[in-house]
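Novice: quick one, what's the 3D model for this:
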Amino acid sequence: MTIHSAVPEILTERLLLRQITHADLDDWAARIFADPVVMRYLPRRDITPRERAERGLEFLNGHWLEYGYGEWGVITRADHQMIGHAGLAYLAETGEVEVDFALAGAYWGLGMGTEAARASVRFGFEKRGLTRVIGLTNPENSAARRVLEKVGFVYEKEARYFNRDVAYYTIRPEQFRDRGDG
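Specialist: All right, here's what the predicted structure looks like:
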């Protein structure tokens with residue numbers, strides 16, 4: 001499925017957010033789905049990392065076609081490395097839109113997760129007219145919680161989504177922090 005025209009590219013200071021392609025699957029599988037440290041807070045699947053990347057690609061492409069937003073591959077501008085994914089996902093079960101991001105462990109703590117999440121939320125508000133986005137993370141994942149807070153998300157409650165306990169955050173356009181650490 002080729003949907004290149006439906007997936008806009010976004011340049012940030014250090015990142016390119018672009019459509020994930022078949023050429024990215026090996027790097028994506030190795031850096032995200034095969035790394036137990038990265039997967040510690042992500043939902044488990046009983047499939048290989050490569051199968052997960054293949055299914056993810058199919059899901060993300062379909063998501064862009066159906067909703068006009070979705071998730072991008074996160075590419076470093078300095079060395080053109082595929083380091084993860086970030087974007088927006090419609091949760092059909094609840095009717096909410098969630099920001100999602102996962103980066104290779106080597107890129108943690110550098111502000112790139114915040115940069116990718118911020119660009120994703122900006123796109124949702126400015127280009128797709130969203131009025132609210134949620135952020136869900138494992139309550140123990142302090143790094144992901146900090147990313148959400150830097151973007152302007154506000155913690156609301158502990159909740160249960162998809163048979164997992166989560167910290168539930170929300171953001172509206174007036175809360176969005178376009179720059180700085182928040």
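
Novice: so what touches the lowest-mean-pLDDT helix or strand in the chain?
Specialist: Sorting the helices and strands of the chain by mean pLDDT, DSSP states H and E puts helix 36-39 at the bottom, at a mean of 83. Under the contact criterion Cβ atoms under 8 Å, 6 or more residues apart in numbering, helix 36-39 has outside partners 31-33, 102-105. C-beta here means a position set from N, CA and C on the backbone, and glycine is covered the same way.

Novice: mind listing what's buried along the helix or strand encompassing Val166?
Specialist: Here Val166, judged by DSSP states H and E, is contained in strand 164-171. Across strand 164-171, burial judged by 16 or more other Cβ atoms under 10 Å covers 166-171.

Novice: parallel or antiparallel, which strands does it pair with?
Specialist: strand 133-137 (antiparallel), strand 154-161 (antiparallel) (DSSP bridges).

Novice: what comes into contact with it?
Specialist: 43, 121, 132-139, 141, 145, 148-149, 151-161.

Novice: which stretches of this protein form helices?
Specialist: 25-28, 36-39, 49-67, 112-126, 142-151 (DSSP state H).

Novice: may I have the longest one as CSV, with CA atoms only?
Specialist: Backbone C-alpha positions of helix 49-67 (Å, rounded to 0.1, in the frame of the first residue of the first chain) are rendered in CSV as follows:
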residue,chain,number,x,y,z
PRO,A,49,9.9,-8.0,16.2
ARG,A,50,10.0,-8.1,12.3
GLU,A,51,6.3,-9.3,12.2
ARG,A,52,5.4,-6.6,14.6
ALA,A,53,7.1,-4.0,12.4
GLU,A,54,5.3,-5.4,9.3
ARG,A,55,1.9,-5.3,11.0
GLY,A,56,2.7,-1.8,12.4
LEU,A,57,3.4,-0.5,8.9
GLU,A,58,0.2,-1.9,7.6
PHE,A,59,-1.8,-0.4,10.5
LEU,A,60,-0.1,3.0,10.3
ASN,A,61,-0.7,3.3,6.6
GLY,A,62,-4.3,2.4,7.0
HIS,A,63,-4.6,4.9,9.8
TRP,A,64,-3.4,7.8,7.7
LEU,A,65,-5.9,6.9,4.9
GLU,A,66,-8.8,6.6,7.3
TYR,A,67,-8.2,9.5,9.6
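
Novice: run the chain-centre distance for it.
Specialist: Taking Cα atoms, centre = their mean, to the nearest Å, one finds the center of helix 49-67 at 13 Å from the center of the full chain.
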